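J.: with the input below, show me the fold.
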Amino acid sequence: MKLYKLLLFLFLVTAGSAAFAQSSAQLKRKKEALQREIELLQKNLNKTASSKKLTLGEIRTLNAKISLMQNKIGVINSEIKNLDGQIHENTNTVHNLQGQLAQLKKEYAGMIRFAQRNRNAYDKMMFIFAAKDFNQAYKRIKYLQQFGQYRKKQADYIMGTEKNLNYKIVILDKSLKEKSNLLKEQENEKQKLGKNKSEQSVFLNQISKQEKQFSKDIAARKKQQAVIDRNIRDAIQREIALARKKAEEEERLAAAKAKAENKVAPVVKAKTSTSLLNATPEAAKLSSAFENNRGSLPWPVSQGSITEHFGRHKVGEANIDQNGVKIETSEGANVRAVFNGKVSTIRNSLGKYFVIIRHGEYFTIYQNLASVSVSVGETVSTKQSIGVVGTSDDTPELDFQIWRNTSPQNPEAWISK
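T.: Numbering: from 1, shown residues only. Sure, this is the predicted structure:
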């Protein structure tokens, strides 16, 4: 029973260590991903730093960078918390193993002393022949055999426990060193964050000094965006209108056929935008597949960071409505389709392109492209390149949107985390 408990204890310790290792690996990957995003934003900031004029893109980039740095410190805190738990667990394991080892050695010493007292073959024979009957003699023979086997097993368990104990001590030392390194990294990141927050304060002071010009720039941007948003909405409305026209033509032909055959014309129900866009089995299937991938769609660029979020928010004193998200990426990055679909619209608006891809009743919009590599009516697949990202305020960024019929959705709820 003692051996069974020891084996169960060792199994639970091993399982716990495996779970910790998995969690630790996930945190490490997340931290590395955040660092890549921070480095990308810093690279873009360095390019625009030479300009004396403060741009909206710089503010967005710096704000996003600070947010990422705070997230990275949070991940480091989680790593330290995980390590603290593992250190506590391993310390308890070491103490338990030391106790188990001492008990096993004590029991083994008792067996050795017993074996020493009964090492004479004559004594063993007398022990067997002193039995009352044959059954008892047989049991005594088996006992002596099992005693020898058990002693050997005890020796093996002692060696295994010592080996496991030494391994756990090594792991414990490694965890303590790793925690020390993480604490240093955490302190380093806090210093960097403080420096960037100071830079942010300088930017805010600069905004105050350039408030008039800054407000003028934001107003111009809102005006330009309103033109593009109107073009996007008109393009989607046109898709719905074409689907309605097609449905009405099919209804007209069905009514004419019924009349020619002296049959009652089928009852026509009012068509919604959803039913029109999902009128064919293929379109309905595509809509369903798109919905089923909510939260796991790939990003429209291979590397990037969200610098402006969906919905209404403030920049300085100005309110901005954003129908999608702005993703800052590397210069000349390829823009990719996030799902299978058909290119429904390509338009040049204010010197930059936007592409609309239809996925049944859903539409994905890729705005601020410098060039386009697909054509209207072309069927595209997931992650297929559709063009090259353009720049805004000298910053390479993509405005990415997802619409359901004529309602914009929050892309962050659809793309993978």
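
J.: burial count for residue 26?
T.: For residue 26, the number of neighbouring residues by other CB atoms under 10 Å comes to 13. For every residue, glycine as well, the C-beta is placed using N, CA and C.

J.: ok but it is inside a strand, no?
T.: No: applying DSSP: H, G, I helix; E, B strand; the rest coil, one finds residue 26 to be helix, outside a strand.

J.: give me the distance between residue 80 and residue 179.
T.: Here the criterion is CB to CB, to the nearest Å. By it, residue 80 lies 6 Å from residue 179.

J.: check residue 329 too.
T.: Counting by CB to CB - residue 329 and residue 179 are separated by 35 Å.

J.: between those two, which one's more packed in?
T.: Of the pair residue 329 and residue 179, residue 329 is the one with more neighbours under other CB under 10 Å, namely 22 against 17.

J.: contacts only, for the more buried one.
T.: Each residue near residue 329 by CB atoms under 8 Å, 6 or more residues apart in numbering is listed here: 40, 301, 303-305, 389, 396-398.

J.: mind checking which of those residues land in helices?
T.: Judged by DSSP state H, helices contain the following of the contacts of residue 329: residue 40.

J.: just the buried ones among the contacts of residue 329, please.
T.: A residue is treated as buried here by neighbour count (16 or more other CB atoms under 10 Å); on that basis the buried members of the contacts of residue 329 are 40, 301, 304-305, 389, 396-398.

J.: closest to residue 383 among these?
T.: Set against residue 383, the nearest of the buried ones among the contacts of residue 329 by CB to CB is residue 301 (10.6 Å).

J.: now do the helices in the chain.
T.: All helices of the chain, identified by DSSP H, fall at 2-48, 56-117, 121-129, 134-209, 211-260, 273-277, 281-292.

J.: which of these sits closest to residue 325?
T.: helix 56-117 (10.9 Å).

J.: buried set for stretch 181-197?
T.: Judged by neighbour count using 16+ other CB under 10 Å, the buried positions of stretch 181-197 are 182, 185-186, 189, 192-193, 196.

J.: contacts for that stretch, please.
T.: For stretch 181-197, with CB under 8 Å, 6+ apart as the criterion, the contacting residues are 62, 65-66, 69-70, 72-73, 76-77, 79-80, 83.

J.: and these, which two are furthest apart?
T.: 62 and 83 (31.5 Å).

J.: can you list contacts of stretch 30-38?
T.: Contacts made with stretch 30-38 from outside it, assessed by CB under 8 Å, 6+ apart, are listed as 65, 68-69, 71-72, 75-76, 79, 303-305.

J.: tell me who's in contact with residue 380.
T.: For residue 380, the contact set (CB under 8 Å, 6+ apart) comprises 337, 340-343, 357, 374, 386.

J.: mind listing the residues bridging to it?
T.: residue 341 (DSSP bridges).

J.: domain boundaries for this protein, per the record?
T.: Split into domains by automatic domain parsing, the chain comes to 2-209, 217-413.

J.: can you list those domains in TSV and add mean pLDDT?
T.: Below are the domains of the chain laid out as TSV (pLDDT from 0 to 100):
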stretch	mean pLDDT
domain 2-209	73
domain 217-413	89
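
J.: highest average neighbour count across these?
T.: By mean neighbour count, with neighbours taken as mean count of other CB atoms under 10 Å, domain 217-413 ranks first of the domains of the chain at a mean of 17.

J.: and stretch 302-316, how far out from the chain middle?
T.: 18 Å (CA atoms, centre = their mean, to the nearest Å).

J.: same check, this time on stretch 366-382
T.: Average the C-alpha atoms of stretch 366-382, do the same for its chain, and the two points are 27 Å apart (CA atoms, centre = their mean).
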